[in-house]
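Asks: no sequence for this one, just the structure:
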């Protein structure tokens, strides 16, 4: 799970996504032939909620994990509004 406090964008996904909590899944596979376990990231997917007025319930989008990390860092760098 990843939580964004502000709207954000990820490459490969159309439009700005609203702030909120998102499910992120990463599939990894074991690299054979080593004397210790090493896993290689195969794919990272974020589950996007349905858009208001849209016809789909949700969308799973393949993303670059480094792009997700940059978006999280950018979100954390935005000052929080104080009431």
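Replies: That came in fine, so what should we check first? Remember, predicted model here, so these are calculated numbers, not experimental data.

Asks: what's around residue 71, how many residues?
Replies: Residues lying near residue 71 (other C-beta atoms under 10 Å) number 20. Placement of C-beta: from N, CA and C, glycine included.

Asks: surely it meets residue 6?
Replies: No. Judged on C-beta atoms under 8 Å, residue 71 makes no contact with residue 6 at a distance of 9.9 Å.

Asks: quick check: buried residues in stretch 2-12?
Replies: 4, 8, 10 (16 or more other C-beta atoms under 10 Å).

Asks: as a markdown table, these with pLDDT and distance to residue 58 would be great.
Replies: Formatted as a markdown table, those follow (pLDDT from 0 to 100; distance: C-beta to C-beta, whole Å):
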| residue | pLDDT | distance to residue 58 |
| --- | --- | --- |
| 4 | 98 | 17 |
| 8 | 98 | 17 |
| 10 | 97 | 16 |
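
Asks: between those residues, which is nearest residue 83?
Replies: Comparing these against residue 83 with C-beta to C-beta places residue 4 closest, at 20.0 Å.

Asks: who's the closest one bridged to?
Replies: Residue 4 has these beta-bridge partners by DSSP bridges: residue 20.
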